[in-house]
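> Fold the following for me, if possible:
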Amino acid sequence: MAQGSKHRLKQTRNIGIIAHIDAGKTTVTERILYYTGRVHKMGEVHDGEATMDWMLEEKERGITITSAVTSCQWNGHFINIIDTPGHVDFTIEVERSLRVLDGAIGVFCAVGGVEPQSETVWHQADRYRVPKIAFVNKMDRIGADFYRVIEMMKERLGANPLVMQLPWGSEDRFQGVIDLVKMRAIVWEDESLGAHYEEVELPEELLDEATQYRELLLETLAERDDQIMEKYLGEQEISPQEIYKAVREATISLELVPVLCGAALRNKGIQPLLDAIVSYLPSPVDIPPVEGQVPGSDKVETRPPEPKSPFSALVFKVMMDQGRKMTYLRIYSGTVKAGGQVYNPRKETQEKIARLLRMHANKRERIDSASAGDIVAAMGLKLASTGDTLCDQEHPILFEPMEFNEPVISMAVEPKSVKDHDRLLDALSKLADEDPTFRCKIDEETGQIIISGMGELHLEIMVGRVRREFNVDTNQGKPQVVYRETISREAQQEEVFERELAGQQHYARVVLQVSPRTRGDGNRFVDRCENPELTEEFLNAIMQGVSEAQNSGVMMGYPVIDVETALLDVTLKEGVSDEMAFRVAASMAFKKACEKGDPILLEPIMKAEVLVPEEFMGEVISDLNSRQGKIQNIAKKGPIQVVTATVPLSKMFGYSTTLRSLTQGRGTFSMHFSHYDKVD
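Alright, predicted model coming up:
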């Protein structure tokens, strides 16, 4: 590898900003862009001016909906940043961003602490083994408590927080931060919008506390680093460089999470956060080479992050841009040029990249080539979709695909004008290409267009985008819950298919047994047939027939889940048994067996977390009980009570309005899919 490219890779950071809605992720990103010189005016979320919240829906609601990619430079390092949404309906955006990031910043509100969605995204990051640093934001807000957030990180996230800074004051007395490595205080100038700051002597009143926390910092590092252990026990001076090196190693190996603090809206604490990104989070060289399967074999290969290696990249996001498809790529190895050919092993197709773009939210700059470690957008890829691998055809590799949650809520839409029917379908199919958790289909029985997604807000945003981006006005039905069906007892069915079609005789006999599985275990097919005449082709046809029958149950036509289907016996007749006959016989046998197995309807149960001031607790709990909610836990968080409950989704429509009226607008809630259970 050329020395220059290795140096460039070492100086690259691919990071994401993750947190609960309203913790201040976008505000932190805005400040980072301002202090690194990427933008010359700070946009504020509450004014609808934030650079990263560029969609009209985001400006109107003041929330992040789509993950925006940007890049900036700090102290000779090149930082690619993805600002992800915090709302539970858009976890797909977080999921696909985390898949391609090398490091993440978890932003926590100093008042709210570790909130439900922070927990969800943090565990998503753990699943992808993404090293993290934490930034406790909003230290200037009433009720800010830095130390409580640290405790919550241990309790709720199972994290090992390593306190690198202490706040100097809090609420309206928040002045700056105490750097425990240099044992200096940092204060910011308000006149320069926080661009200028200086290090000053530690204030007398904070000296004891700072000394105590520095001791704790060194103790924690000494347990993991022999060099520091030696110096610590010998009471020798430990240099800042040695501390930075040890913290970096512990962060990258996921042992520790460095914690910093500040108040992004007041322009305090961002520059040390940038230093921490550069100092502690990994470059593409610091993480293990990505692994993938050689298509058509069980062989696993790695791709080191080198520009000279064979090209490989992962498509992590697809977007419609003025009617054209824009594909976001994380390049893991090799180099790709604008106008070059790339191979998609999952779709077994070759495509040409027309243009390569470096993104800054929705602004872009054209580039000629991109190489290992880069996050870029490509135009011209018509077939690539989220989760696809792109590589060099001579050296094919297939990365593990992404997993997406199934939609839990559906509603019917129709165009206001009949002539817009095809345009509506086209618009919805383009949005479904963009977002794998959004689906649209035409109901065969009613002819209605049904859209499905992760929540009411998700569907509302999609309908708004159809109107705004594709100029199609729609009428919407009430949201409908996506139910499932299953069976409650074992049943057996023998089915014979014997028919003459187009002068040709067809015959197949199949005996199936269906039995219920534990909730959440999914469907399973088992071959217990002893007949030696059963060929692989016929077995596959039977499995296909069962699989097709599982798509629509016997009660109300909803998909069947958590059922084990066992093939017990088959009968073949020479010359007249074929795959079609076995497929039909298996499908009929499965349906009739389910009818015998006492089918039941299952509904999605949501886990809801309601934050409510103490005085409104009674009303909120009785309202949840009236919605068939099961209270699981009530915890105190300062003046706020946190009620955790499981509630059927069908009972939660319009809950936000009810909660607002019950709590004088002070209650908030979040919910996500938990499991399917029997309809009461």
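> Given the strand with the most length in the chain, what are its sheet partners and their directions?
Selection of the longest strand in the chain by residue count, based on DSSP state E, yields strand 599-613. Pairing partners of strand 599-613, with direction, according to DSSP bridges: strand 484-487 (antiparallel), strand 640-648 (antiparallel), strand 668-678 (antiparallel).
> how about the CA coordinates for the last one, as PDB?
Provided in PDB are the C-alpha atoms of strand 668-678 (Å, rounded to 0.1, in the frame of the first residue of the first chain):
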ATOM      1  CA  THR A 668     -44.400  12.000  26.300                       C
ATOM      2  CA  PHE A 669     -44.200   8.400  25.100                       C
ATOM      3  CA  SER A 670     -42.300   6.100  22.700                       C
ATOM      4  CA  MET A 671     -43.200   2.600  21.600                       C
ATOM      5  CA  HIS A 672     -41.700  -0.200  19.500                       C
ATOM      6  CA  PHE A 673     -42.800  -3.600  18.400                       C
ATOM      7  CA  SER A 674     -42.400  -6.300  21.100                       C
ATOM      8  CA  HIS A 675     -44.100  -9.500  19.900                       C
ATOM      9  CA  TYR A 676     -47.300 -11.100  18.500                       C
ATOM     10  CA  ASP A 677     -49.900 -12.400  20.900                       C
ATOM     11  CA  LYS A 678     -53.400 -13.900  20.900                       C
END
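> Next secondary structure after the longest strand of the chain?
Using DSSP states H and E, the helix or strand that follows strand 599-613 in sequence is helix 617-626.
> tilt between that following helix and strand 599-613?
For helix 617-626 and strand 599-613, the angle between their directions (axes from the mean of the first three to the mean of the last three C-alpha atoms, to 10 degrees) works out to 170 degrees.
> which residues sit against helix 617-626?
Here helix 617-626 makes contact (C-beta atoms under 8 Å, 6 or more residues apart in numbering) with 608, 610, 612, 631, 634, 641, 643, 645, 647, 658-659, 662-663, 667. (C-beta placed from N, C-alpha, C; glycine too.)
> In PyMOL, how would I select just the buried ones from these?
Selecting only the buried entries of the contacts of helix 617-626 in PyMOL, with 16 or more other C-beta atoms under 10 Å as the criterion:
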select buried, resi 608+610+612+641+643+645+647+658+659+662+663+667
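> What are the buried residues along the longest strand of the chain?
Counting neighbours by 16+ other C-beta under 10 Å, strand 599-613 gives 599-600, 602-612 as buried.
> so for it, what's the average pLDDT?
In this model, strand 599-613 has a mean pLDDT of 87.
> Over to stretch 256-273?
Stretch 256-273 shows a mean pLDDT of 90 in the predicted model.
> how long is it from one end to the other?
From its first residue to its last, stretch 256-273 covers 16 Å (C-alpha to C-alpha, to the nearest Å).
> which stretches of the stretch 301-450 of the chain have low pLDDT?
Screening the stretch 301-450 of the chain residue by residue with the criterion pLDDT under 70, one finds the ranges 322-323, 360-363, 405-406, 408, 444-446.
> please redo it, this time with the cut-off set to 90
Under the criterion pLDDT under 90, the flagged ranges of the stretch 301-450 of the chain are 301-309, 314-330, 332-340, 344-348, 351, 353-389, 391-396, 398-450.
> In terms of pLDDT, where does the residue of the chain positioned farthest from its centre sit?
Among residues of the chain, the one most distant from the C-alpha centroid is Gly503; the distance is 54.4 Å, by C-alpha atoms, centre = their mean. You'll see Gly503 listed with a pLDDT of 81.
> and it, backbone torsions?
In this entry, Gly503 is assigned phi and psi values of phi 80, psi 0 (degrees, to the nearest 10).
> cool, Glu171 as well?
phi 50, psi -130.
> so what's it up against?
Contacts here follow C-beta under 8 Å, 6+ apart; on that basis Glu171 touches 140-144.
> Going through these, which ones are buried?
Among those, those that count as buried by neighbour count (16+ other C-beta under 10 Å) are 140-141, 143-144.
> Cys188 and Val177 touch, don't they?
Quick fix: residue 188 is Trp, not Cys. No - with contacts defined as C-beta atoms under 8 Å, Trp188 does not count as touching Val177, sitting 9.3 Å away.
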